[in-house]
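Enquirer: What follows is a predicted structure for the sequence shown.
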Amino acid sequence: MPQYAALTYTADVDWTAPEQAAEMAEYREFGATHGGSIRGGAALYPTSTATTVRVTGARGGDVVLSDGPYAETKEALTGFFLIEAADLDEALRMAAEIPAAWGGAVEVRPVIEFAG
């Protein structure tokens, strides 16, 4: 069955304990509903913990490290799911039920399956 990456983008904020508990309850509900189709995923630490790696030129060039994500945005990549769905339409319907979609965004991309 085809797999899709569902990348979640939300405001990169510090949650209070009650806010975080409410958010996690929504994600548990999503997992209970779609658990059979979820093949993996994770929440990510805030962008303040990120380091961007660039290599100048081609392979073997100088490695340049910078703090944070590539660009300043209001919404940050905050997590992902790897889901199985019959087709893109089904994946999009599932993505609309991910709590990050309510006030944030979920980007859905087909996963390339490499032989071997």
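Expert: That came through fine. Since we're looking at a predicted model, the values are computed, not measured. Numbers count the residues shown, from 1 in each chain.
Enquirer: Tell me how many other residues crowd residue 8.
Expert: 24 (other C-beta atoms under 10 Å). (Each C-beta comes from the backbone N, C-alpha and C, glycine too.)
Enquirer: Please name the nearest non-neighbouring residue to it.
Expert: Distances taken as C-beta to C-beta, 6 or more residues apart in numbering place residue 100 nearest to residue 8, at 3.6 Å, with adjacent residues excluded.
Enquirer: Please apply the same query to residue 105.
Expert: Spatial nearest neighbour of residue 105, chain neighbours left out: residue 9 (4.4 Å); criterion: C-beta to C-beta, 6+ apart.
Enquirer: State the distance from the closest residue to residue 85 other than its chain neighbours to residue 12.
Expert: Nearest residue to residue 85, sequence neighbours excluded (C-beta to C-beta, 6+ apart): residue 91, at 3.9 Å. As judged by C-beta to C-beta, to the nearest Å, residue 91 and residue 12 stand 25 Å apart.
Enquirer: Can you give me the buried ones in whichever helix in the chain runs longest?
Expert: Looking across the chain with DSSP state H, the single longest helix is helix 17-34. Buried residues in helix 17-34, defined by neighbour count with 16 or more other C-beta atoms under 10 Å: 27, 30, 34.
Enquirer: Of residue 91 and residue 12, which one has the most company?
Expert: It is residue 91, of residue 91 and residue 12, that has more neighbours when counted by other C-beta under 10 Å, with 24 against 19.
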